[in-house]
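Peer 1: build me a structure from this.
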Amino acid sequence: MEPALLTPEEFDAHVAADTFRLSFVGMSNCGKSYRSRVLASEDDFHWYQVDSDIQSALGFKDQEEMPSWLGYPSDKDYSERERQYLELEDTFTGQAAMSAHGKNLVFDTTGSVVHLAPETLRTLREHTLIVHLDVGNDSMEELLVRFFKNPKPVAWSGFFSISPDESAEEAIRRSYPVLLAERLKRYRAIAHLNINASEMRDKTGAETLALIRRKL
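Peer 2: Numbering: from 1, shown residues only. Okay, here's the model as predicted:
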């Protein structure tokens with residue numbers, strides 16, 4: 001399967017043969033997991049959640065434990081935990097992109113997928129059709145509010161800085177929009193298709209696949 005060269009007819013053939021591999025990328029809360037769940041429940045896709053494997057590897061009972069474990073970039077042990085998290089994500093992402101499950105695959109990536117090794121991203125791009133659920137440039141303030149209301153594991157990958165006259169919270173509030181802007185640029189760059197997240201909202205599985213097909 002060569003996703004970059006898919007025609008609508010090839011898309012149909014892969015879906016019918018259960019050899020279609022789809023990856024959703026995008027910001028946290030953009031709808032990746034919801035879309036994946038719909039395809040799994042309505043169209044019998046194999047739903048791969050990389051966060052679940054990371055959670056298991058770290059010995060956590062549920063994903064709610066990961067944010068407090070990873071913490072914030074101002075925390076003492078953050079750098080080492082971020083490295084461990086990204087190493088696990090890199091390993092599982094590369095393995096899952098190459099795996100055959102006997103059915104169509106929807107890969108529910110994390111927000112930090114764009115910070116993985118270039119060879120891992122090449123593997124993901126070569127073996128899956130990457131669809132970016134694009135939240136747009138005007139959503140940054142809302143995403144910042146959501147982050148502080150419901151924190152999730154965040155790999156900052158060098159996009160956090162703090163000055164002597166700043167508190168940790170002030171530095172995070174200043175640095176987070178910079179990280180989001182960089183991620184948005186990278187999502188758009190690695191995706192085969194960039195689709196406004198609002199276009200996917202409330203779609204059934206069949207409607208989701210039809211929308212992707214129209215964008216090819």
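Peer 1: distance check, the most far-flung residue of the chain relative to its centre against residue 171.
Peer 2: The centre of the chain is farthest from one residue, residue 165, which by Cα atoms, centre = their mean lies 33.9 Å away. Distance from residue 165 to residue 171, counting by Cβ to Cβ, to the nearest Å: 10 Å. Where C-beta positions appear, they are placed from N, C-alpha and C, glycine not excepted.
Peer 1: shared neighbours of these two, anything?
Peer 2: Residues touching both residue 165 and residue 171 (Cβ atoms under 8 Å, 6 or more residues apart in numbering): none.
Peer 1: how about the contacts made by residue 166?
Peer 2: Contacts for residue 166 were tallied using Cβ under 8 Å, 6+ apart; they are residue 174.
Peer 1: where does it land in three-state SS?
Peer 2: For residue 166, the assignment made with DSSP: H, G, I helix; E, B strand; the rest coil gives coil.
Peer 1: need phi/psi at it.
Peer 2: The phi/psi pair for residue 166 (degrees, to the nearest 10) reads phi -110, psi 150.
Peer 1: so for the one helix or strand in the chain whose mean pLDDT sits lowest, what gets flagged as buried?
Peer 2: Ranked by mean pLDDT, DSSP states H and E, the weakest helix or strand in the chain is helix 140-149, scoring a mean of 81. Residues of helix 140-149 classed as buried by neighbour count (16 or more other Cβ atoms under 10 Å): 140, 143, 147.
Peer 1: so what touches that helix?
Peer 2: Contacts for helix 140-149 (Cβ under 8 Å, 6+ apart): 27, 28, 29, 135, 154, 173, 176, 177, 180, 181.
Peer 1: would you list every one of the strands in this structure?
Peer 2: In the chain, the strands defined using DSSP state E lie at 21-25, 46-49, 105-108, 129-134, 193-196.
Peer 1: using JSON lines, lay out those together with distance to residue 96, mean neighbour count and mean pLDDT.
Peer 2: Formatted as JSON lines, the strands of the chain follow (distance: least, Cβ to Cβ, whole Å; neighbours: other Cβ atoms under 10 Å; pLDDT from 0 to 100):
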{"stretch": "strand 21-25", "distance to residue 96": "9", "mean neighbour count": "27", "mean pLDDT": "97"}
{"stretch": "strand 46-49", "distance to residue 96": "5", "mean neighbour count": "20", "mean pLDDT": "96"}
{"stretch": "strand 105-108", "distance to residue 96": "6", "mean neighbour count": "25", "mean pLDDT": "96"}
{"stretch": "strand 129-134", "distance to residue 96": "13", "mean neighbour count": "24", "mean pLDDT": "97"}
{"stretch": "strand 193-196", "distance to residue 96": "20", "mean neighbour count": "16", "mean pLDDT": "96"}
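Peer 1: turn those strands into JSON lines, columns for distance to residue 37.
Peer 2: Shown next, in JSON lines, are the strands of the chain (distance: least, Cβ to Cβ, whole Å):
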{"stretch": "strand 21-25", "distance to residue 37": "11"}
{"stretch": "strand 46-49", "distance to residue 37": "7"}
{"stretch": "strand 105-108", "distance to residue 37": "9"}
{"stretch": "strand 129-134", "distance to residue 37": "14"}
{"stretch": "strand 193-196", "distance to residue 37": "18"}
